[in-house]
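Colleague: my questions are about this predicted structure, shown below with the sequence.
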Amino acid sequence: MIIKKILNPNTILAADKDQKEYVFFGKGIGYSRKIGQTVDDEDINRVFIPVDNRQIQEYLRLFDSIPAIYFDITQKIIKHAEELLNANLNTSLFFTLSDHLNFSIERHRNGLNILNRVFWEIKNYYPIEFSVGEYALRLLKKELGQVLPQEEAANIAFHIINAQNVASATSKGMEYAKLVGGISDIVKYELKMDFDREDVHYQRFITHLKFFAERYYEGKMITENDSGLFEQIAQLYPNALTISFTVKDYIEILNESKVTKEEVAYLTVHINRLMSNKKLSEN
């Protein structure tokens with residue numbers, strides 16, 4: 001294996017003789033290494049094999065935008081989770097969870113704490129995964145000095161649950177899919193952009209929509225008595241909020257249930273991220 005890129009002190013990108021790329025993890029594996037050097041087997045304690053070259057490029061762009069400390073924390077969380085569950089988790093978890101942790105801290109520092117409407121269900125139905133979420137919160141406090149609300153343990157547990165590749169066939173699956181597709185089409189039209197379905201930012205947006213669709217059809221939408229968060233987001237992201245209200249109208253025309261303003265607020269945060277990434281790609 002030949003080193004192609006040093007991602008951070010504990011992570012490198014390497015390729016074999018056929019140029020198939022791998023992400024290697026090992027404590028200190030990136031120290032004193034140079035591009036073109038070989039990788040010794042004894043230095044490696046974890047290997048991720050990307051699905052294809054396009055996907056790894058998307059993930060590598062994500063690596064560049066996230067501080068290295070989050071990858072170290074994520075490695076510890078995944079190791080802890082796999083030991084408790086006695087199972088190997090989907091390799092994409094390393095990338096998606098690192099991104100989630102970075103975004104969560106970013107939101108927290110800006111005073112935007114997103115509550116989890118199904119916190120109780122996750123805590124009681126997925127106790128092992130929830131305990132991993134609690135472990136993650138302790139790590140974030142220890143490593144970064146950031147104290148996140150306990151609801152964030154449930155958000156992290158969601159990622160652990162999804163990474164187990166557990167089939168969750170449901171009679172409403174098609175209904176959920178249609179709603180997600182419809183919302184995606186509206187946002188695409190309003191932003192006047194075509195989504196790259198392999199893009200990390202698009203996949204992150206779709207993940208939010210999937211959870212929203214589940215909450216909507218199960219009658220478990222996010223609701224809060226205090227409207228302060230909505231007002232704050234409305235002031236910060238007025239353009240994204242306008243698109244969110246268009247989505248809200250679309251959903252309520254097709255269905256009987258109303259969409260809460262809190263759900264509109266959280267959708268606005270995700271749409272704003274798409275808008276920000278669009279601007280960056282145009283520059």
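Modeller: Yep, that arrived. Numbers count the residues shown, from 1 in each chain.

Colleague: in stretch 18-34, what counts as buried?
Modeller: E21, Y22, V23, F24, F25, G26, I29, G30, R33 (16 or more other CB atoms under 10 Å). Where C-beta positions appear, they are placed from N, C-alpha and C, glycine not excepted.

Colleague: narrow those residues to those in strands?
Modeller: E21, Y22, V23, F24, F25 (DSSP state E).

Colleague: now the first one: how far from D199?
Modeller: From E21 across to D199, the span is 18 Å (CB to CB, to the nearest Å).

Colleague: show residues contacting stretch 66-84.
Modeller: Stretch 66-84 is contacted from outside by 7-11, 25, 46, 63, 88-89, 93-94, 97-99, 101-102, 128-129, 131-132, 135-136, 139-140, 143-144, 156, 160, using CB atoms under 8 Å, 6 or more residues apart in numbering.

Colleague: low-scoring stretches of the stretch 1-150 of the chain, by residue?
Modeller: Within the stretch 1-150 of the chain, the segments meeting pLDDT under 70 span 26-27, 40-64, 114-118, 121.

Colleague: one more time with 50, if that's ok
Modeller: 51 (pLDDT under 50).

Colleague: which parts of it are helices?
Modeller: Taking DSSP state H, counting those that start in this stretch, the helices of the stretch 1-150 of the chain run over residues 53-64, 68-85, 93-109, 119-125, 127-144.

Colleague: need those in CSV (columns: distance to A240 and mean neighbour count).
Modeller: Listed next are the helices of the stretch 1-150 of the chain as CSV, based on distance: least, CB to CB, whole Å; neighbours: other CB atoms under 10 Å:
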stretch, distance to A240, mean neighbour count
helix 53-64, 21, 16
helix 68-85, 25, 18
helix 93-109, 15, 20
helix 119-125, 26, 15
helix 127-144, 27, 18
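
Colleague: of the ones you listed, which is nearest Y217?
Modeller: helix 119-125 (14.6 Å; CB to CB).

Colleague: packing partners for the closest one?
Modeller: Helix 119-125 sits against helix 127-144, helix 151-162, with contacts defined as 3 or more CB pairs under 8 Å, 6 or more residues apart in numbering; DSSP states H and E.

Colleague: make JSON lines out of those helices and add distance to Q203.
Modeller: Converted to JSON lines, the helices and strands packed on helix 119-125 look like this (distance: least, CB to CB, whole Å):
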{"stretch": "helix 127-144", "distance to Q203": "21"}
{"stretch": "helix 151-162", "distance to Q203": "12"}
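
Colleague: assess the claim that R107 and N113 are in contact.
Modeller: Yes: using CB atoms under 8 Å, R107 makes contact with N113 at a distance of 6.7 Å.

Colleague: got the CA positions of the host helix or strand of V187 in PDB?
Modeller: According to DSSP states H and E, V187 maps onto helix 173-191. Output of helix 173-191 as PDB, limited to C-alpha atoms (Å, rounded to 0.1, in the frame of the first residue of the first chain):
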ATOM      1  CA  GLY A 173     -42.200   2.900   3.400                       C
ATOM      2  CA  MET A 174     -43.500   4.000  -0.100                       C
ATOM      3  CA  GLU A 175     -45.400   6.800   1.500                       C
ATOM      4  CA  TYR A 176     -42.300   8.100   3.300                       C
ATOM      5  CA  ALA A 177     -40.300   7.800   0.100                       C
ATOM      6  CA  LYS A 178     -42.800   9.800  -1.900                       C
ATOM      7  CA  LEU A 179     -42.800  12.600   0.700                       C
ATOM      8  CA  VAL A 180     -39.000  12.800   0.800                       C
ATOM      9  CA  GLY A 181     -38.900  12.800  -3.000                       C
ATOM     10  CA  GLY A 182     -41.500  15.600  -3.300                       C
ATOM     11  CA  ILE A 183     -39.700  17.800  -0.800                       C
ATOM     12  CA  SER A 184     -36.400  17.200  -2.500                       C
ATOM     13  CA  ASP A 185     -37.800  18.200  -5.800                       C
ATOM     14  CA  ILE A 186     -39.200  21.500  -4.400                       C
ATOM     15  CA  VAL A 187     -35.900  22.400  -2.800                       C
ATOM     16  CA  LYS A 188     -34.100  21.600  -6.000                       C
ATOM     17  CA  TYR A 189     -36.500  23.800  -8.000                       C
ATOM     18  CA  GLU A 190     -36.300  26.700  -5.500                       C
ATOM     19  CA  LEU A 191     -32.500  26.600  -5.300                       C
END
